[in-house]
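Participant: just to be clear, the model below is a prediction. Sequence and coordinates:
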Amino acid sequence: MADVAVIDYGMGNLRSVSKAIEHVAPGLTVCVTADPAEVARAGRVVFPGQGAMPDCMREMDARGLRAAVLDAARSKPFLGICIGLQMLFERSDEGGVAGLGLFAGHVRKFAADAMVDAAGARLKVPHMGWNGVRQLQPHPLWAGIDDGARFYFVHSYYVETADRALVAGETDYPHPFTCAIARDNVFAAQFHPEKSAAAGLRLLANFVGWQPRSMPLGERK
Amino acid sequence: MLAKRIIPCLDVKAGRVVKGVNFVGLRDAGDPVEVAARYDEQGADELTFLDITASSDERDLILPIIEAVAAQVFIPLTVGGGVRAVADVRRLLNAGADKVSINTAAVQNPQLVADASARYGAQCIVGAVDARRMPGEGAPRWEVFTHGGRKPTGRDASEWGLDLQRLGAGEILLTSMDRDGTRIGFDLELTRAFADALDIPVIASGGVGTLEHLADGIALGHADAVLAASIFHYGEFTVQQAKQLMASRGIEVRL
């Protein structure tokens, strides 16, 4: 049984995620897997995602991983990354696709033609590069990370949720958007901790040591 | 606020980092993993590896290099050079690249950009453009060159940039052939022409000789990121010094 399972549904660079976790937790076993049984057995789960959300949803379902992802998100420390954050919500403007519906909210696209900063300079889409993250609630995964620390982003869509209690972090581009959410045993980020140098590695180290106080389905074997 | 990025570029040939002048005359600049780790420590925002190996037999030599770097350096890695097919993109991403840059093959087969972008997402497809100023009066124009800058295409660079954006590139790596290796600064007119016309980020490249040049690329060229090789390779300047200079000019950077 792996300590950490990185869910592999054929979308994106998973080596980076697993290498970064191995780097911060050399004693742990990390597996990259598409096997629902292995996800179910793992102590904690990372749910990454890259590319387009409709493709991510389709590939996840094609591998029969939906139930395993939902179960993990209710029963063990769970870290969503990038599209792995977006997929937890109800629906995305990207292809009009439905997400897993674990949380209330929609995934919206940055409006490329309306993007200017305070100085009037044009902001590009995708939002690509290092941006500051405001920590809106204390959380074990923020431990040792400065409020406002920069993380690496690359995305054209972002999560919009009316549930403010869910929001763990916000970033401005140019308006504030939700870049991290947290509830019970789930933490999910729009940025890429595995590509965010020291701040990102610290967040991953915090994740592998995280013991959530509450999990909807309780502790599982 | 989103920081402007500084991207050291490592040209790789037969497993070593090298640096040429005007695309010829190579000098050895060190072991790729060591160089990458040093730039990471200095605060580089990303790294770009360009495989300038001539023969396709030796091209796979870059894969273990990318694997080794990706296991030790946790910032975004872009890899380019010799990418001909979607399968090449997949190999590089699997080795640990976050983005793959496509140059000659994109000109020869634009569908490759569309296919790779549809399969892996625009965020990991970089359209690399080598541009050379065309002689003549009036508004400046630039021509796209391929094959490491050796082959003219007759194609207008600005139009090609728009094509790449439409095809699904998530970013443009723009190199001035006139300036590359000269150390007299970016072609700022070229940089601005691209940065102002495109919705996607533009990385300026070619000609950096001083830290001021890097800041100029952002402040005057309107680039979203600046790429340089030689000023960092030989210990002349560190990435940290470049960022301090940029910050002193009011440019948002990750310090």
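Facilitator: Sure, I can see it.
Participant: so A:Leu88 makes contact with A:Ala188?
Facilitator: Yes: at 5.9 Å, A:Leu88 counts as touching A:Ala188 under the criterion of C-beta atoms under 8 Å. Glycine gets a C-beta too; all of them are placed from N, C-alpha and C.
Participant: which neighbours do those two have in common?
Facilitator: Here A:Leu88 and A:Ala188 have A:80, A:181 as joint contacts, going by C-beta atoms under 8 Å, 6 or more residues apart in numbering or on different chains.
Participant: just the element for A:Gly182, please.
Facilitator: I think there's a mix-up here, since residue A:182 is Ala and not Gly. Assigning secondary structure by DSSP states H and E places A:Ala182 in strand A:176-183.
Participant: count of neighbours near B:Ser176?
Facilitator: Using other C-beta atoms under 10 Å in any protein chain shown, B:Ser176 has 25 neighbouring residues.
Participant: OK, contacts around it?
Facilitator: Contacts of B:Ser176 (C-beta under 8 Å, 6+ apart): B:131-133, B:186-187, B:190-191, B:205-207.
Participant: farthest pair in these?
Facilitator: Distances among the contacts of B:Ser176 were taken as C-beta to C-beta; the most separated pair is B:Arg133 and B:Ser205, at 15.0 Å.
Participant: and the two? which has more neighbours close in?
Facilitator: B:Ser205 (29 against 17).
Participant: surely that one and B:Leu174 touch.
Facilitator: Yes: contact criterion C-beta under 8 Å: B:Ser205 and B:Leu174 qualify, at 6.2 Å.
Participant: list phi and psi for whatever residue of chain A ends up closest to chain B.
Facilitator: With C-beta to the nearest C-beta, the shortest gap between chain A and chain B falls at A:Gly51, namely 3.4 Å. The phi and psi torsions at A:Gly51 (degrees, to the nearest 10) take the values phi 90, psi -140.
Participant: that one and B:Arg84: what is the separation?
Facilitator: 21 Å (C-beta to C-beta, to the nearest Å).
Participant: A:His192 now?
Facilitator: The value you get for A:His192 to B:Arg84, if C-beta to C-beta is used, is 28 Å.
Participant: more neighbours: which of the two?
Facilitator: More crowded of A:His192 and B:Arg84, by other C-beta under 10 Å: A:His192, with 25 against 15.
Participant: three-state assignment of the residue lying closest to that one once chain neighbours are set aside?
Facilitator: Nearest residue to A:His192, sequence neighbours excluded (C-beta to C-beta, 6 or more residues apart in numbering or on different chains): A:Tyr152, at 5.1 Å. Using DSSP: H, G, I helix; E, B strand; the rest coil, the secondary structure recorded for A:Tyr152 is strand.
Participant: ok, how many other residues are close to A:Tyr152?
Facilitator: Neighbours around A:Tyr152, by other C-beta under 10 Å: 26.
Participant: ok, now the one 3 residues further on?
Facilitator: A count of neighbours around A:His155, defined by other C-beta under 10 Å, yields 26.
Participant: what do you get for B:Arg155?
Facilitator: Around B:Arg155 there are 17 residues (other C-beta under 10 Å).
Participant: what sits closest to it if chain neighbours are left out?
Facilitator: Nearest one to B:Arg155, counting by C-beta to C-beta, 6+ apart, is B:Val144 at 4.4 Å.
Participant: quick check, B:Arg183 in contact with B:Ala228.
Facilitator: No: counting by C-beta under 8 Å, B:Arg183 stays clear of B:Ala228, with 9.8 Å between them.
Participant: more neighbours: which of the two?
Facilitator: B:Ala228 (27 against 15).
Participant: how about the strands of the stretch 151-255 of chain B, start to end?
Facilitator: Under the criterion DSSP state E, counting those that start in this stretch, the stretch 151-255 of chain B contains strands at B:151-156, B:171-176, B:202-205, B:225-228.
Participant: the third one pairs with which strands, parallel or anti?
Facilitator: Meaning strand B:202-205. strand B:171-176 (parallel), strand B:225-228 (parallel) (DSSP bridges).
Participant: Serialize those to CSV and add fields for mean pLDDT and distance to B:Leu214.
Facilitator: Shown next, in CSV, are the strands paired with strand B:202-205 (pLDDT from 0 to 100; distance: least, C-beta to C-beta, whole Å):
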stretch, mean pLDDT, distance to B:Leu214
strand B:171-176, 98, 14
strand B:225-228, 97, 5
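Participant: so where's the chain shaky on pLDDT?
Facilitator: Going with chain A. For chain A, the stretches with pLDDT under 70 are A:12-13, A:218-221.
Participant: the intended chain is chain B.
Facilitator: In chain B, residues with pLDDT under 70: B:19-29, B:54-57.
Participant: could I get the full set of helices for it?
Facilitator: Along chain B, counting by DSSP state H, helices occupy B:32-42, B:62-70, B:86-95, B:104-108, B:110-120, B:157-167, B:188-197, B:211-219, B:230-233, B:239-248.
Participant: can you redo those helices as TSV with distance to chain A and mean neighbour count?
Facilitator: Formatted as TSV, the helices of chain B follow (distance: least, C-beta to the nearest C-beta, whole Å; neighbours: other C-beta atoms under 10 Å in any protein chain shown):
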stretch	distance to chain A	mean neighbour count
helix B:32-42	7	19
helix B:62-70	6	20
helix B:86-95	5	19
helix B:104-108	18	20
helix B:110-120	6	20
helix B:157-167	10	19
helix B:188-197	8	20
helix B:211-219	10	23
helix B:230-233	17	22
helix B:239-248	11	18
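Participant: minimum distance to A:Leu203: which of the ones you listed has it?
Facilitator: Across the helices of chain B, closest to A:Leu203 is helix B:32-42 (C-beta to C-beta), at 17.1 Å.
Participant: tell me which strands and helices the closest one is in contact with?
Facilitator: If contacts are counted by 3 or more C-beta pairs under 8 Å, 6 or more residues apart in numbering or on different chains; DSSP states H and E, helix B:32-42 sits against strand B:5-13, strand B:16-21, strand B:47-51, helix B:62-70, helix B:239-248.
Participant: how about residues contacting that helix?
Facilitator: A:197, B:8, B:10, B:12, B:15-17, B:29, B:47, B:49, B:65, B:68-69, B:72-75, B:232-233, B:238-240.
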